[in-house]
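Trainee: Show me the folded form of this:
(chains A and B)
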Amino acid sequence: MKNLNVFGYPLFIVFMAALPLGLDARWQEVAISFLVFSVVALSQDIVLGKCGIFNMGQALFFGMGAYCTAILNNEYGWSLLSTIPVAILIPALFGILLAGPIMHLRGDYLLVTTIGFNIVFVQAVQNNLGGVTGGPNGIFGLDSLSLFGHEFTDQVAVYYFAFAVMLLTLWIMRNLEHSKAGRALHYLRLDPLAAESIGINTRLYKIFAFGLGAGIAGLAGTVFVAQFTAVSPEGFGFMQSVLFFSIVIVGGSSVPGIFLGVFVMFVLPEVFSPLATWRYFIFGFAMIAAMILRPRGIWPAKFGNIPKFLIKESNHGG
Amino acid sequence: MAGNDLVLTGVTKRFGGLVAVDDLSFSVKEGQIYGIIGPNGAGKTTAFNCITGIYRSEEGSVKWRGEEIRGLTPYQIVDRGIVRTFQTIRLFSEMSVAENIMSGRHIKSSQSWWHGIFPTPGSRRDEKENWLRVQEQLEFFDLQDYATTPTGSLSYGMQRRVEMARAMAVEPTLLILDEPAAGLNDKETCELLQTIYKIRDKGVTVLLIEHDMDMVMEMTDYLSVINFGRKIAEGTPAEVQANPAVIEAYLGSEDDDE
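Mentor: Take a look at the predicted model:
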């Protein structure tokens, strides 16, 4: 755990910062997707992993952020970066509004409800809601990234944008672990009744987690648009939500576990692309095997996040 | 009526046709160690659940410091200074002892929800401050050596101590203990007794359910006896021990022997 913080994360960050230099255009594209999907998976981890809400509609908020950016760019000519506040706030607000009436539902019931939300969203954008979503073809021919009038056509710029968003997400995840709000999520997942009986407003913190997760997923949507300069409904369907859900469960709801999960789900299929459709067959079995052999995930989350002055020499285990 | 009193009047809780708590009234005075005893299934824990907001009683009133708290949620009741432990220990078993106790600081912490996203110097100070309070509880309950140990791997007696430490971290005015001695050996029970006295000496009122009659008779100032959801007797331990209704409830009436 300690080694991970001292060496693991800095090494990973330095590696990811230098990565585009060693990749050709096709693999740079894969690397950007890795970053974008990692951010969405981390946002799903806040909701599912930390808070224990069985949300199977995270792609909805990812898509909502992407559509916010695309519509503002396409209809009103906003630059992609200037849409960021909207692409975070609209999904976050929607997350809060949707979460309010369903948070009292138990795991499986809530899961079905979130699937419903996801389907409604996809149907709405497919049917060209308000005449701005472009129907089944989506919106294409959007601007590329630009900052202060300077346009970046190279996808390395998109890579570093995605990288910055991932760093921001990691920073928020770290802050959560060292805060009252973040701990409250762990408490209410492990034992809602005990959490409530020790003074935690479980409903409030569940909605907080849902809204925060939705906001971060929305931001990832902006990066997605910057990469493809287009959006279409199929990128944000139910299957995507299932993948994000599985990544958190298979990965084990820890940051390294989630990166590993995203790597296995989105990058390895590219490596094995000569195997064509068989690769998903292999991954299906890999997922099953992972859950049987390591039911708490490949890299389970660890606790014991306490200040040094409380740790005595003679500590027993832990 | 003095400041920190808990007064139950005519509290009734039904589950379908079953009346679990029937017209229960008692009052706990500030600074007391108050005991509730009764045979299994008498409705003691249900009564506690009605006080702490887990259940809402159909009738009656629960007044704390003169304020009606019936109908409030559990966390609102904790906010008013009433904290409980559970008969079946409910710790966050995968988490360390220190983190478990830290959960009791939740309500005392000055951080807002958004400090979880953007920390400020103030929220970092608050964080440090609360960990120091956790350290105090670790020392009070003699758990310093176990700060990083996951509570799931501790002995039953230790887990009871952690649960009390967690409750005390809230700095309650009224501490409610649901069978604190259940599953403890004689030595641990003895230590528990000393701990409860120490808690009382800090100015905390203690309300407890207990099966261990020796312990109840020794430590409580006043007690109520419940059977079939009704109060059948109350008084000082000596008074209650001499009460024929209590003897009947616990030992069966003389008629039963025939």
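
Trainee: ok, residue B:30 - contacts?
Mentor: B:2, B:3, B:4, B:5, B:205 (Cβ atoms under 8 Å, 6 or more residues apart in numbering or on different chains). C-beta here means a position set from N, CA and C on the backbone, and glycine is covered the same way.

Trainee: Tell me the one of the residues you listed nearest residue B:217?
Mentor: residue B:205 (19.3 Å; Cβ to Cβ).

Trainee: Apart from its chain neighbours, what residue comes closest to the closest one?
Mentor: residue B:174 (4.7 Å; Cβ to Cβ, 6 or more residues apart in numbering or on different chains).

Trainee: so that neighbour bridges to which residues?
Mentor: residue B:82, residue B:205 (DSSP bridges).

Trainee: and it, what is it in contact with?
Mentor: For residue B:174, the contacting residues are B:4, B:6, B:28, B:64, B:81, B:82, B:83, B:204, B:205, B:206, B:207, by Cβ under 8 Å, 6+ apart.

Trainee: in the stretch 151-258 of chain B, which spans are helices?
Mentor: B:156-168, B:186-201, B:213-219, B:237-241, B:244-251 (DSSP state H, counting those that start in this stretch).

Trainee: Output the third one in CSV with nothing but the alpha carbons.
Mentor: In CSV, the C-alpha atoms belonging to helix B:213-219 read as follows (Å, rounded to 0.1, in the frame of the first residue of the first chain):
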residue,chain,number,x,y,z
MET,B,213,-28.9,-10.0,36.5
ASP,B,214,-25.9,-9.8,38.9
MET,B,215,-24.5,-7.0,36.8
VAL,B,216,-27.7,-5.1,36.5
MET,B,217,-28.4,-5.3,40.2
GLU,B,218,-24.9,-4.2,41.0
MET,B,219,-24.5,-1.3,38.7
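
Trainee: Same question for it: list its buried residues.
Mentor: B:215, B:216, B:217, B:219 (16 or more other Cβ atoms under 10 Å in any protein chain shown).

Trainee: Show residues contacting that helix.
Mentor: B:33, B:35, B:37, B:181, B:189, B:193, B:196, B:197, B:210, B:223, B:237, B:241.

Trainee: next one: the last one
Mentor: By Cβ under 8 Å, 6+ apart, the residues outside helix B:244-251 that reach it are B:38, B:39, B:225, B:227, B:232, B:233, B:240.

Trainee: how about that helix: buried residues?
Mentor: So for helix B:244-251, counting by 16+ other Cβ under 10 Å, buried means B:246, B:249.

Trainee: now the longest one
Mentor: Across helix B:186-201, burial judged by 16+ other Cβ under 10 Å covers B:188, B:189, B:191, B:192, B:193, B:195, B:196, B:199, B:200.

Trainee: Next SSE downstream of the host helix or strand of residue A:188?
Mentor: Using DSSP states H and E, residue A:188 falls within helix A:180-190. The helix or strand immediately downstream of helix A:180-190 is helix A:192-197, counting by DSSP H and E.

Trainee: What helices and strands are in contact with the helix or strand that that following helix is followed by?
Mentor: Note on helix A:192-197: by DSSP H and E, the next helix or strand toward the C-terminus is helix A:202-228. Contact analysis of helix A:202-228 by 3 or more Cβ pairs under 8 Å, 6 or more residues apart in numbering or on different chains; DSSP states H and E lists helix A:25-44, helix A:58-76, helix A:84-102, helix A:155-177, helix A:180-190, helix A:192-197 as its packing neighbours.

Trainee: and the angle from the following helix or strand past helix A:202-228 to helix A:25-44?
Mentor: Counting by DSSP H and E, the next helix or strand C-terminal to helix A:202-228 is helix A:238-251. For helix A:238-251 against helix A:25-44, the angle by axes from the mean of the first three to the mean of the last three Cα atoms, to 10 degrees is 80 degrees.

Trainee: Run through who's touching whichever helix or strand comes after helix A:238-251.
Mentor: Counting by DSSP H and E, the next helix or strand C-terminal to helix A:238-251 is helix A:255-262. Outside of helix A:255-262, the residues within contact range by Cβ under 8 Å, 6+ apart are A:4, A:8, A:12, A:34, A:37-38, A:41-42, A:45, A:49, A:170, A:173, A:246-248, A:250-251, A:297-301.

Trainee: thinking again about what came up before, and the helix holding residue A:188, is it in reach of chain B?
Mentor: Yes - under the criterion of Cβ under 8 Å from any Cβ of the partner chain, helix A:180-190 makes contact with chain B via A:180, A:181, A:182, A:183, A:184, A:186, A:187, A:190.

Trainee: Run a quick neighbour tally on residue B:105.
Mentor: 25 (other Cβ atoms under 10 Å in any protein chain shown).

Trainee: how much space between residue A:149 and residue A:79?
Mentor: Residue A:149 sits 9 Å away from residue A:79, going by Cβ to Cβ, to the nearest Å.

Trainee: Kindly report the residues of the stretch 101-250 of chain B close to chain A.
Mentor: Counting by Cβ under 8 Å from any Cβ, the stretch 101-250 of chain B sits next to chain A at B:102-107, B:109, B:111, B:113-119, B:123, B:127-128, B:131, B:134-135, B:138, B:144-150, B:153, B:166-167, B:170.
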